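Enquirer: Here is my input; please provide its structure:
(chains A and B)
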Amino acid sequence: MDYFAQQLINGLVLGSIYGLIAIGYTMVYGIVGMINFAHGDIFMIGGFIALISFLMLVSFGLTAVPVILLIVLLVSMAITALYGWTVERIAYRPLRHSFRLAPMLSAIGMSFVLSNFSQVAQGARVKPVPPVITGGYTLHHSADGFVVRLSNIQIVVVLTTIALLAIFTWLVSRTRLGRDMRACEQDQTMAALLGVDVDRTISMTFVIGAALAAVAGMMYLLYYGLVDFFMGFVAGIKAFTAAVLGGIGSLPGAMLGGLAIGLIETFWSAYFSVEYKDVAAFSILIVVLIFMPTGLLGRPEVEKV
Amino acid sequence: MGHVTASPTDHKQPRGRIAFILKKALISAFVALVLFSLMIGIRTEAGPTGQLIYWTRFGELASIVAIVFAGSIVIELARQWLGPAGASLLVPAPVQNGLATAGRYIAPALLIFTVLVPVIFYHQRYILDLGILVLTYVMLGWGLNVVVGLAGLLDLGYVAFYAVGAYSYALFATTFGLSFWICLPIAGILASLWGVMLGFPVLRLRGDYLAIVTLAFGEIIRLVITNWQSLTGGPNGISSIPRPTLFGLPLLPGPNGLAAKLGIAFDPTHRLVFLFYIILAMALLTNWVTIRLRRLPIGRAWEALREDEVACRALGINTTTTKLTAFATGALFGGFAGAFFATRQGFISPESFTFQESALVLAIVVLGGMGSQLGVALAALTMIGGFELFRGLEQYRMLVFGVAMVLLMIWRPRGLIGHRAPTVYLKQAQTISSDLVKEGHG
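Expert: This next block holds a predicted model:
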């Protein structure tokens, strides 16, 4: 039971990270109708920028951890958002009315560009960081000596996710930008006729998605203490699975899907085998797409002729 | 957003135009500065004791920003000179028509040249090796072409069938001692079965979803191969896979070898030439089968499916069998190519079957113009040849590959070399070409 509780905590934390990435997929798919294959690599770039800015701040002599983390968060969100904007501008916007496979292939190319760019720029070796947020709480001592722990970093990850989700939900449901996004999602031509700047709205979607991916990258860095140039690929596919599982186009669905994938992966590793945890995640993607392509909270797609 | 398009009056006022170009270039340079400030300006590395160290590279950063600035001016000037239709000028229509006519003579000429390659380059082992590699990718490209180019199903996990073929040959040959020629059909059939197994569940999916599921399938196969140590040897792979024989005669030194039976001196190049002709024959078989299938009802159905799935169903075409046969046929050739790969290398490991491989084959098909047989062959030659040019710059290879893929999609989404139109179509009363219709929506 204690072991189960510990895995539950770990799974929820991992799921929060996946959920943050999944939001980027689900938003872009909702508006543009394409899988932003490079989104996983945007997450990886976010991790790298968090790492480098963290290193810079420490070497400048800053010691207050909360201040450092706040600056790192803002810097990595800002720069990664610019990456998202640039990727959309270069690789996707010219293809908006191209044939149906073109954006997907362009996105695959962009994914190679981003991951190999960071390999060339920062080297292929794994970059470790020492634990920044240490300490935690012991929740329960069991009789056989197993300790259920909730570490501070886990609390930070979950709280950050909740806070961002709240801000983001407000953004989509209450602001002008959010309304524009929802309008573009329903009908781009009509939205344009009614004075919505479609290009700008789509750009902002990529910017927001990339900023959230940057947060996920930073949380990943703090939680696991490492980044490498290849981590975007698998994390990206899992986050996409989460988005599909939750129902693509639905924001709460993306978070729910993220949590589900995080839990499944953690429990699979804990009770079955660590080697096959990725196989489990990919199999879920296939099974979900076959048996409930609309996901948990998605709307069925109507095929128009 | 700073990226307003030039208004018509700008073209008449040189000063306004220069200001516009400079402004655009400055914005690009600024964006590049922010993007690369941390990623290139500062290099991190894990130090000897595990802590992170860093050093600055502001010189590189400055030069990259300068390149972006200059490049942006050049692109903008080129765009204004060539006019808004600059993209289509890349391959003008007369040249394309010329290519089409030349295409009729290119194919036989290329074939004759390929047949003669081992004769001409007999003493250049490197070229023979490269030729075998190119032909392997030509075959893979033609195999995937059935699925992507003809049936229009985006398959990102093609390497899975390649892996199934390679591992089935390797396992049958090393455990049961079966010869290459017996294993080749088995490998193909097994791969084909996997193709149907993948095909069944994804029948209902379209476009991007299909692509992601095939990608996941490819990754699952690779992960299982990596982790099923007792069967596949895990990351260490399978070694000492037997070489193919000619009617039971091994191409080895010694009294039982082919050279001894023929009474000529043994030369290791014989085997290379032999492998070259095997893969050439297999590739040509793929090509022949594809060309024949394309003229059969099933091939027509594939092309119809590619153009419009809804119309297909409305006309009573069974999309289930159409898709399944496409997957099975593509996988069959992938399996053949995999078995050949295993016998050529003599050693296989999961590292050879990564997603990058799938993307490379897909890029060959796309570059070749999706559906054009000659285009795919030329694309394979270009790609693999291009990769060889970058051999010294191993880590820049995939970067250039990614950039090329993006640029290709922007300039020539239908392929650089050729574009195969539907084999049959109405010659009259067609006001809109299928190229102009947004696919998947109508």
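
Enquirer: How is B:Tyr54 assigned, secondary-structure-wise?
Expert: Classification of B:Tyr54 using DSSP: H, G, I helix; E, B strand; the rest coil returns strand.

Enquirer: That one: neighbouring residues, count only.
Expert: As a burial measure, B:Tyr54 scores 15 neighbours (other Cβ atoms under 10 Å in any protein chain shown). (C-beta placed from N, C-alpha, C; glycine too.)

Enquirer: For it, give me its contacts.
Expert: B:Tyr54 makes contacts with A:Ile52, A:Leu55, A:Met56, A:Ser59, B:Ile42, B:Arg43, B:Thr44, B:Glu45, as judged by Cβ atoms under 8 Å, 6 or more residues apart in numbering or on different chains.

Enquirer: can you do 7 Å?
Expert: Going by Cβ atoms under 7 Å, 6 or more residues apart in numbering or on different chains, B:Tyr54 touches A:Leu55, B:Ile42, B:Arg43, B:Thr44.

Enquirer: what's the longest helix that chain A contains packed up against?
Expert: Using DSSP state H, we find that the single longest helix of chain A is helix A:2-32. Applying 3 or more Cβ pairs under 7 Å, 6 or more residues apart in numbering or on different chains; DSSP states H and E, one finds that helix A:2-32 contacts helix A:39-59, strand A:147-151, helix A:152-174, helix A:176-186, helix A:198-224, helix A:231-246, helix A:251-271.

Enquirer: mean pLDDT for the ones you listed: which is lowest?
Expert: Here the lowest mean pLDDT among those goes to strand A:147-151, at a mean of 84.

Enquirer: could you say what helices and strands it packs with?
Expert: Judged by 3+ Cβ pairs under 7 Å, 6+ apart, the packing partners of strand A:147-151 are helix A:2-32, strand A:136-141.

Enquirer: Just send those back as JSON lines, with mean pLDDT and mean neighbour count too.
Expert: JSON lines is the format used below for the helices and strands packed on strand A:147-151 (pLDDT from 0 to 100; neighbours: other Cβ atoms under 10 Å in any protein chain shown):
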{"stretch": "helix A:2-32", "mean pLDDT": "90", "mean neighbour count": "24"}
{"stretch": "strand A:136-141", "mean pLDDT": "80", "mean neighbour count": "12"}
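
Enquirer: so can I have a markdown table of those showing distance to B:Ser72?
Expert: Shown next, in a markdown table, are those (distance: least, Cβ to Cβ, whole Å):
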| stretch | distance to B:Ser72 |
| --- | --- |
| helix A:2-32 | 25 |
| strand A:136-141 | 50 |
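
Enquirer: excluding its backbone neighbours, what's nearest B:Ile317?
Expert: Residue nearest to B:Ile317 in three dimensions, not counting chain neighbours: B:Ala301, with 5.0 Å by Cβ to Cβ, 6 or more residues apart in numbering or on different chains.

Enquirer: How many residues are close by that neighbour?
Expert: B:Ala301 has 22 neighbours, counted by other Cβ under 10 Å.

Enquirer: so which strand or helix has it?
Expert: helix B:297-307 (DSSP states H and E).

Enquirer: Could you list the alpha-carbon positions for that helix in PDB?
Expert: The C-alpha trace of helix B:297-307 is given here as PDB (Å, rounded to 0.1, in the frame of the first residue of the first chain):
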ATOM      1  CA  PRO B 297      -7.500  -2.800 -60.500                       C
ATOM      2  CA  ILE B 298      -5.800  -2.800 -57.100                       C
ATOM      3  CA  GLY B 299      -3.200  -0.200 -58.300                       C
ATOM      4  CA  ARG B 300      -6.000   1.900 -59.700                       C
ATOM      5  CA  ALA B 301      -7.800   1.600 -56.300                       C
ATOM      6  CA  TRP B 302      -4.600   2.700 -54.500                       C
ATOM      7  CA  GLU B 303      -4.300   5.800 -56.600                       C
ATOM      8  CA  ALA B 304      -7.900   6.600 -56.200                       C
ATOM      9  CA  LEU B 305      -7.500   6.200 -52.400                       C
ATOM     10  CA  ARG B 306      -4.600   8.600 -52.500                       C
ATOM     11  CA  GLU B 307      -6.600  11.200 -54.400                       C
END
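
Enquirer: about what we covered before: my guess is the residue nearest to B:Ile317 meets B:Leu324, correct?
Expert: No: using Cβ atoms under 7 Å, B:Ala301 is not in contact with B:Leu324, being 11.5 Å away.

Enquirer: how close does the spatially closest residue to B:Ile21 that is not a sequence neighbour get to B:Arg15?
Expert: Spatial nearest neighbour of B:Ile21, excluding adjacent residues (Cβ to Cβ, 6+ apart): B:Glu76 at 4.7 Å. B:Glu76 is 15 Å from B:Arg15, where distance means Cβ to Cβ, to the nearest Å.

Enquirer: Which one's more surrounded, these two?
Expert: B:Glu76 (18 against 8).

Enquirer: Spell out which parts of the stretch 51-200 of chain A neighbour chain B.
Expert: Where the stretch 51-200 of chain A comes near chain B, counting by Cβ under 7 Å from any Cβ of the partner chain, the residues are A:51-53, A:55-56, A:79, A:82-83, A:86, A:91, A:94-95, A:97-102, A:104-106, A:108-110, A:112-113, A:116-123, A:125, A:127-129, A:200.
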